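Peer 1: Sequence and predicted structure, then a few things I'm wondering about:
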Amino acid sequence: MWFTFLILGFVVAQRLAELAISRRNAQKLLDRGGMEYGAAHYPVIVAVHAAWIIGLFYFTWGLEANWPWLGAYLALQAGRGWVIAALGERWTTRIIVLPNEPLVANGPYRFLRHPNYVVVAAEIFILPMVWGLFWYAIAFTVVNALVIAWRIRVEEKALKPMRPS
């Protein structure tokens, strides 16, 4: 039981640290003339992620962790770090665009337009699987896919003027 709380505590601490980094970076971007897009959907994303984590605390009670799935989740954190490192001070949990600045094209952005969403989608599925919660993984994967599809549409519209024709 303590190990489950250790794992989930790590996830919560990681998310809180990311929110602090995001808040700092967002303010810097806005101070440099950045424009925020899609603020209306941001609370929905926060609510989905909060519900996912809270539900994991509830449904994992008394369950044993599966080491291979935990290993997959921890390995995925390297992808998360790669995305954050590639964007540097431009990484936020919001959509903030700096006009007249080129899009980031290094790191995972050389291969994918939205690598962060790939990492998040994988996390949403893999972490519940650490405790064999297949139904939970599927349910939140579907909900997350709907929210991320909405977010990607907003982000693509915001970034369209910066993309090469």
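Peer 2: Done, it's in. Residues are numbered from 1 along each chain as shown.

Peer 1: going forward, measure contacts between C-alpha atoms and count neighbours the same way
Peer 2: Will do.

Peer 1: where do the strands sit along this structure?
Peer 2: Per DSSP state E, the chain carries strands over the ranges 35-37, 95-97.

Peer 1: With mean pLDDT added, can I get these in TSV?
Peer 2: Formatted as TSV, those follow (pLDDT from 0 to 100):
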stretch	mean pLDDT
strand 35-37	96
strand 95-97	96
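
Peer 1: Please tabulate the ones you listed in JSON lines, including the columns mean neighbour count and distance to Y117.
Peer 2: Shown next, in JSON lines, are the strands of the chain (neighbours: other Cα atoms under 10 Å; distance: least, Cα to Cα, whole Å):
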{"stretch": "strand 35-37", "mean neighbour count": "16", "distance to Y117": "17"}
{"stretch": "strand 95-97", "mean neighbour count": "22", "distance to Y117": "13"}
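
Peer 1: Can you give me the buried ones in stretch 32-48?
Peer 2: Across stretch 32-48, burial judged by 16 or more other Cα atoms under 10 Å covers 34, 36-38, 45.

Peer 1: Please read the previous query as pertaining to stretch 101-119.
Peer 2: 107-109, 115-117, 119.

Peer 1: out of the strands of the chain, which comes closest to Q27?
Peer 2: strand 95-97 (9.8 Å; Cα to Cα).

Peer 1: Quick one: neighbours of G62, just the number.
Peer 2: G62 has 11 neighbours, counted by other Cα atoms under 10 Å.

Peer 1: what's around N144, how many residues?
Peer 2: Number of residues near N144 (other Cα under 10 Å) recorded here: 21.

Peer 1: E123 is in contact with that one, correct?
Peer 2: No - using Cα atoms under 8 Å as the test, N144 is too far from E123 to be in contact (10.6 Å).

Peer 1: Roughly how far does P102 sit from P161?
Peer 2: 10 Å (Cα to Cα, to the nearest Å).

Peer 1: could you list every residue that touches E36?
Peer 2: Contact analysis of E36 by Cα atoms under 8 Å, 6 or more residues apart in numbering lists 30, 94-97.

Peer 1: nope, P128 is what I meant
Peer 2: 56, 134, 136-137.

Peer 1: And the residues you listed, which two are furthest apart?
Peer 2: Of all pairs drawn from the contacts of P128, the one with the longest distance (Cα to Cα) is L56 and F134, at 12.0 Å.

Peer 1: So which of these two has more stuff around it?
Peer 2: Counted by other Cα under 10 Å, L56 and F134 do not tie: L56 has more neighbours, with 19 against 13.

Peer 1: Apart from its neighbours in sequence, what residue is nearest the more buried one?
Peer 2: Excluding its sequence neighbours, the residue lying closest to L56 (Cα to Cα, 6 or more residues apart in numbering) is P128, at 6.9 Å.
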